[in-house]
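>>> sequence-free structure coming up:
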């Protein structure tokens with residue numbers, strides 16, 4: 001049984017996968033390097049690289065499917081808003097986890 005998922009749906013699934021890939025890497029960097037800033041920079045580097053790759057993929061897929069300009073622009077704008085929210089929340093979560101692990105030592 002085949003389920004059709006629209007291209008913009010795959011785009012948002014890709015955004016969720018970026019979060020699921022980049023946060024554990026940042027957490028690992030925090031545990032090894034013992035700094036929040038290093039973990040945050042690792043998170044931004046990995047997630048930004050994957051985000052740009054996803055945007056390029058979505059642009060090509062939208063062109064092949066003849067998606068209009070306005071839906072593509074709205075999807076890009078909403079994706080940037082979601083990405084900025086993810087980065088901000090990740091910073092606060094990483095900082096809280098770092099403080100909690102420092103208290104337990």
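Perfect, I can see it now. Just so it is clear, the model here is predicted, and its values are computed rather than measured.
>>> how about low-confidence regions in this structure?
Using pLDDT under 70 as the threshold, the predicted model of the chain has low-confidence ranges 103-105.
>>> Just give me the neighbour total for residue 55.
Taking other Cβ atoms under 10 Å as the neighbour definition, residue 55 ends up with a count of 17. From N, CA and C alone the C-beta is placed, and that goes for glycine too.
>>> Show me what counts as buried in whichever strand or helix holds it.
Assigned by DSSP states H and E, residue 55 belongs to helix 36-64. Under the neighbour-count criterion of 16 or more other Cβ atoms under 10 Å, helix 36-64 has 36, 39-40, 42-44, 46-47, 50-51, 54-55, 58, 62 buried.
>>> now swap in stretch 76-89 and tell me
Of the residues in stretch 76-89, those buried under the neighbour-count criterion (16+ other Cβ under 10 Å) are 79, 82-83, 86-87.
>>> could the buried residues of helix 36-64 go into TSV alongside distance to residue 95?
Conversion of the buried residues of helix 36-64 to TSV gives the following (distance: Cβ to Cβ, whole Å):
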residue	distance to residue 95
36	5
39	9
40	8
42	14
43	12
44	14
46	18
47	17
50	22
51	22
54	26
55	28
58	31
62	37
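>>> From these, pick the one nearest residue 19.
Distance to residue 19, by Cβ to Cβ, is smallest for residue 47 among the buried residues of helix 36-64, at 7.3 Å.
>>> Tell me who's in contact with the residue nearest to the closest one when sequence neighbours are not counted.
In this structure, residue 47 finds its nearest non-sequential neighbour in residue 22, 3.9 Å apart by Cβ to Cβ, 6 or more residues apart in numbering. Taking Cβ atoms under 8 Å, 6 or more residues apart in numbering as the criterion, residue 22 is in contact with 43, 46-47, 50.
>>> Swap in 6 Å and give it another go.
Contact partners of residue 22, counting by Cβ atoms under 6 Å, 6 or more residues apart in numbering, are 43, 46-47.
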